[in-house]
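Engineer: using only what follows, build the 3D model:
(one chain, ligands or ions: 1)
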Amino acid sequence: MLVYLTAECCGYPISIFFIVVNEFCERFSYYGMRAVLVLYFRYFLLWDDDLATSIYHAFVALCYLTPILGAIIADSWLGKFKTIIYLSIVYAIGQVTMAISTIHDITDANRDGTPDNFTFHIALSMLGLILIALGTGGIKPCVAAFGGDQFQEHQSRQLNTFFSVFYLCINAGSLLSTLITPVLRAQECGIHTQQQCYPLAFGVPAVLMVISLVVFIAGSGMYVKTDPEGNIMWSVCKCIGFAIKNRFRHRSSSYPKREHWMDWANEKYDKLLIAQIKMVLKVLFLYIPLPMFWTLFDQKVSICHFSGLLGGLPDQMQTVNPILILTLVPIMDRLIFPLIQKCGLNFSPLKRMTVGMLFAAMAFVSAALVQIEIDKTLPNFPSSSESQLKVVNTYSTTLNVTISPNEHLLIESFGVQLHTSKHTYSTISCMFVNGYTADLNITNLDSIEPSATTNYTLVNQGKRDFVLRHGEQWCEFSRKFGFGASYTFLIPSTVFSDDCESITEVEDMKPNSVHMALQIPQYFLITTGEVMFSVTGLQFSYSQAPKNMKSVLQAGWLCTNAVGNIIVLIVAELGKLPKQWAEYLLFASLLVAVSIIFSIMAYFYTYIDPAEIEAQVRKEQGLEPEEMEKETLEMEEKDEDQKNEQGVKQTKI
Ligand SMILES: NCC(=O)N[C@@H](CCC(N)=O)C(=O)O
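Structural biologist: Residues are numbered from 1 along each chain as shown. Modelled structure (predicted):
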């Protein structure tokens, strides 16, 4: 028996340290750039909201599709080590390109603070984003699988812990960068004019990507590197194609059935390759329902939209997820899972993933319940067959208004009757009605003519000061605004003689009265779901893959995320249900249905040890133990030469 003893610390290969630090820096780079990307689209490139979010989601989907490319390169051509290095270089170039594209001074010839040639900035940033997607997606399946490759057979417990630590590093990187890069963007910088500092916000992630690459290369001498066994993906495609063709050729019932449709490739292809393809296809089949989890997960940002009531910004809410991950992963690993095991329950990986999906569904039910509470505080909006009318009385006495022969409204002096204005619930809006006899100027608003109104204007939550001016006359007043509320201010003709005292405030829409604590359960539920689903999925994809297709299966796993994102895009295009809570319940029900289907599929899945199956097939192929030993010895010599070159401590037992 041959065992390699690589340099270890507390039972873990030391090389793992370089891999997790590399992952931390890379995720810092990725999430840091993502945290300011939509802001860059909206406020630098001046794109509208729809275009900015569509391009953003398309970019995220691309980042989770490119893993297929990375896996093919790694498993069929360069091997994981070289693929990570080359694609990290592409990634770093992409980040630098992106950072350069945000320097407004490059095209700001007239020095007015805005770029003069948007085409240049758009083209450069799109090039940067494509390179980033290629890099981040390309290395993603390789890094996780490469980390797994560092462990020996006797380190299976440590291998499982590695995937949890790996996930912790992802989220530590994401947490720090999501906190830091928006702050960097808020700084002012520039050569000719001082503007929001996008170059710094994108530049720091670029530097982190370079550090990530340097750290990975620094560990070079310590890694266990497996070379690809030829163009495996091409062989897999040819083998599957042949099996399908051969099955079709022998479709008549006179031909005896075969146990598996891939067995129709037996005539031409190696039994080992067929066995390996069967293992991969079995897992990929199991992944079919999984994108639904990511569809809900990636929509959690939309749940956050009413997070305004937390008094925080949606951007900052993005940090709740990594914070909870950093707390929940150790709790699950050290407490919950061992406890379940102690109770004699077999909480197998696929069961964990099913429970994870149910947690995510519960998060959406919780979001629906909170939404119902919020809806109760909203005014009744007119249906499609109704309309609403708002009448403002700026006259000095009560007026009687007849709308139709039988309907009368009594409107007090400076009172408002009936109102409709639908607006985003996490914002505050206000409108002014000028009852003064001349034009008025109000802080931050255009001037208003007599008897005219301003449009509803969004203002920030909290106490706000307003100054009203007409020529030399002015008065100042403050109001406290609650989130989700809407106000109309009626300005009487006496406004300057009584120091703004007579301004009447009408609350068109009540402030949000739903307590912020009601949101905590949904964050907790969705992140618990993520820990059970995603960390387990990562481990499962590694453990069930044959040695030469580890990256491919990791890519398959990541693709479930890409498809989930594409579904989000489609759902956004198809439109929404009239009631937000109904939409949340619909998604929750869909995920419950999908988890039931998945649990049935999982029930029929038999966990395998790919190495054992491969050894068995080799044996059946007639590779006698001596021959296998010879083959192993040859491999051993080859590996030993390679490791001696790398200076890795290696012992044969
Ligand atoms: N909390 C988000 C997170 O950890 N995301 C992972 C993606 C996991 C996956 N399978 O898609 C990340 O690597 O960014």
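Engineer: just for the stretch 401-550 of the chain, where's the confidence low?
Structural biologist: 401-430, 444-446, 460-461, 516 (pLDDT under 70).
Engineer: dump the residue contacts of the closest residue to the ligand within it.
Structural biologist: Nearest to the ligand, among the residues of the stretch 401-550 of the chain, is Ser534, at 5.0 Å (Cβ to the nearest ligand atom). C-betas here are computed from N, CA, C, even on glycine. By Cβ atoms under 8 Å, 6 or more residues apart in numbering, the contact set of Ser534 is Tyr167, Gly356.
Engineer: up against the ligand, what does the stretch 501-650 of the chain have?
Structural biologist: Glu530, Ser534, Leu558, Asn561 (Cβ under 6 Å from any ligand atom).
Engineer: and the last one, that one's in a strand?
Structural biologist: Right, the one you point to is Asn561. No. Asn561 is assigned helix when assessed by DSSP: H, G, I helix; E, B strand; the rest coil, not a strand.
Engineer: ok, now how distant is it from Leu200?
Structural biologist: Asn561 sits 30 Å away from Leu200, going by Cβ to Cβ, to the nearest Å.
Engineer: looking at these two, which is more packed in?
Structural biologist: Asn561 (25 against 19; other Cβ atoms under 10 Å).
Engineer: does Gly462 touch Lys480 like I think?
Structural biologist: Yes. Applying Cβ atoms under 8 Å as the test, Gly462 and Lys480 come out as touching, 6.8 Å apart.
Engineer: state the pLDDT value of the closest residue to the ligand within the chain.
Structural biologist: Residue nearest to the ligand within the chain: Asn561 (3.8 Å; Cβ to the nearest ligand atom). Here the pLDDT value assigned to Asn561 is 93.
Engineer: neighbours around Trp261, how many?
Structural biologist: By the criterion of other Cβ under 10 Å, Trp261 has 15 neighbours.
Engineer: verify the stated contact: it with Lys245.
Structural biologist: No. Contact criterion Cβ under 8 Å: Trp261 and Lys245 do not qualify, at 11.5 Å.
Engineer: could you give the average pLDDT over the helix or strand hosting Gly135?
Structural biologist: Counting by DSSP states H and E, the element that carries Gly135 is helix 118-149. Across helix 118-149, the average pLDDT comes to 97.
Engineer: got the angle between the helix or strand just after that helix and helix 118-149?
Structural biologist: For helix 118-149, the following helix or strand on the C-terminal side (DSSP H and E) is helix 156-186. Between helix 156-186 and helix 118-149, the angle comes out at 160 degrees (axes from the mean of the first three to the mean of the last three Cα atoms, to 10 degrees).
Engineer: what comes up buried for helix 156-186?
Structural biologist: 158-182, 184-185 (16 or more other Cβ atoms under 10 Å).
Engineer: cool, and stretch 604-624?
Structural biologist: Buried residues in stretch 604-624 (16+ other Cβ under 10 Å): Ile608, Pro610, Ile613, Glu614, Val617, Arg618, Leu623.
Engineer: what residues does the protein put near the ligand?
Structural biologist: Going by Cβ under 6 Å from any ligand atom, the residues of the chain near the ligand are Arg27, Tyr167, Ile170, Asn171, Asn321, Pro322, Ile325, Glu530, Ser534, Leu558, Asn561.
Engineer: okay, those in JSON lines with distance to Val370 next?
Structural biologist: Conversion of the residues of the chain next to the ligand to JSON lines gives the following (distance: Cβ to Cβ, whole Å):
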{"residue": "Arg27", "distance to Val370": "30"}
{"residue": "Tyr167", "distance to Val370": "28"}
{"residue": "Ile170", "distance to Val370": "28"}
{"residue": "Asn171", "distance to Val370": "25"}
{"residue": "Asn321", "distance to Val370": "17"}
{"residue": "Pro322", "distance to Val370": "22"}
{"residue": "Ile325", "distance to Val370": "22"}
{"residue": "Glu530", "distance to Val370": "19"}
{"residue": "Ser534", "distance to Val370": "24"}
{"residue": "Leu558", "distance to Val370": "31"}
{"residue": "Asn561", "distance to Val370": "26"}
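Engineer: quick check, nearest of the residues you listed to Leu51?
Structural biologist: Among the residues of the chain next to the ligand, Asn561 lies closest to Leu51 (Cβ to Cβ), at 23.2 Å.
Engineer: tell me how far the closest one lies from Thr53.
Structural biologist: 18 Å.
Engineer: equivalent analysis for Tyr584, please.
Structural biologist: 19 Å.
Engineer: do the same with Leu179
Structural biologist: 22 Å.
Engineer: tell me where the stretch 1-150 of the chain has strands.
Structural biologist: 8-9, 12-13 (DSSP state E, counting those that start in this stretch).
Engineer: what are the ranges of the helices in the stretch 401-550 of the chain?
Structural biologist: 520-530, 536-543, 550-574 (DSSP state H, counting those that start in this stretch).
Engineer: which one of those is the most hemmed in?
Structural biologist: helix 536-543 (a mean of 23; mean count of other Cβ atoms under 10 Å).
Engineer: from the buried residues of stretch 604-624, which shows the smallest pLDDT?
Structural biologist: Leu623 (59).
Engineer: count of residues packed around Phe146?
Structural biologist: 27.
Engineer: wait, it touches Ile85, no?
Structural biologist: No. Contact status for Phe146 versus Ile85: not in contact, 11.0 Å apart, counting by Cβ under 8 Å.
Engineer: buried ones in stretch 281-291?
Structural biologist: Leu281, Val283, Leu284, Leu286, Tyr287, Pro289, Leu290, Pro291.
Engineer: now distance to Gly344 too, for those residues, in a markdown table please.
Structural biologist: Shown next, in a markdown table, are the buried residues of stretch 281-291 (distance: Cβ to Cβ, whole Å):
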| residue | distance to Gly344 |
| --- | --- |
| Leu281 | 33 |
| Val283 | 28 |
| Leu284 | 32 |
| Leu286 | 26 |
| Tyr287 | 30 |
| Pro289 | 29 |
| Leu290 | 28 |
| Pro291 | 34 |
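Engineer: good, we can wrap up now.
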